[in-house]
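Participant: Could you work out the structure for the sequence below:
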Amino acid sequence: MKMRPKQMTPAHQTGNCAELVCSNTFRADHLESAVGLLHEEMRLMDSLIMACGDQARIPAGTALAVDREQFSTLVTQALKAEPLIAFIEGEVTNIPDDGMVLTASGPLTSDSLYQSIQALTGEDRLCFWGCPR
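Facilitator: Residues are numbered from 1 along each chain as shown. Alright, predicted model coming up:
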């Protein structure tokens with residue numbers, strides 16, 4: 001389930017998956033760098049993200065930079081074409097209390113989901129880049 005485009009965030013412009021909001025670069029793309037080596041390993045494993053990134057590539061020296069709109073459109077189209085993936089658009093406002101639930105969110109989590117996670121975990125803050133303890 002994804003909340004966009006029904007519920008937007010302050011940073012996003014579309015309802016597409018994989019919309020890059022901060023930068024259009026995937027950093028270095030040459031084999032002499034750790035990131036470039038990881039890119040190549042992902043390509044060898046037939047990564048959807050790398051295939052779409054390579055298709056949406058724009059000039060950026062030795063970096064892999066992409067046209068943001070084209071990249072997110074390609075990723076979204078590929079995911080929607082996958083018969084084993086169901087897209088449900090709408091905002092999740094609370095965590096179900098029955099069964100096992102996997103919640104994957106990020107720094108643009110909606111306020112209502114944030115409050116639900118806080119109430120469930122008892123944590124006074126959510127951290128996405130490593131909070132000090």
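
Participant: so where's the protein shaky on pLDDT?
Facilitator: Residue ranges of the chain with pLDDT under 70: 1, 3, 5-6, 8, 11, 128-133.

Participant: Quick one: the strands in it, in order.
Facilitator: 25-28, 57-58, 63-66 (DSSP state E).

Participant: Just checking the distance from stretch 96-114 to the centre of its chain.
Facilitator: 15 Å (CA atoms, centre = their mean, to the nearest Å).

Participant: Over to stretch 42-51?
Facilitator: Worked out by CA atoms, centre = their mean, stretch 42-51 lies 15 Å from the chain centre.

Participant: now swap in stretch 70-90 and tell me
Facilitator: For stretch 70-90, the distance to the chain centre is 12 Å (CA atoms, centre = their mean).

Participant: Name the residues of it that are buried.
Facilitator: 71, 72, 73, 74, 75, 76, 78 (16 or more other CB atoms under 10 Å). (Each C-beta comes from the backbone N, C-alpha and C, glycine too.)

Participant: Just the ones of the residues you listed in helices?
Facilitator: 71, 72, 73, 74, 75, 76, 78 (DSSP state H).

Participant: Spit out the contact partners of the fourth one.
Facilitator: Which is residue 74. 52, 55, 56 (CB atoms under 8 Å, 6 or more residues apart in numbering).

Participant: What about the spatially closest residue to it that is not a sequence neighbour, how many residues nearby?
Facilitator: Leaving aside its chain neighbours, residue 74 sits nearest to residue 52 (4.0 Å; criterion: CB to CB, 6 or more residues apart in numbering). Per other CB atoms under 10 Å, the neighbour tally for residue 52 reads 21.
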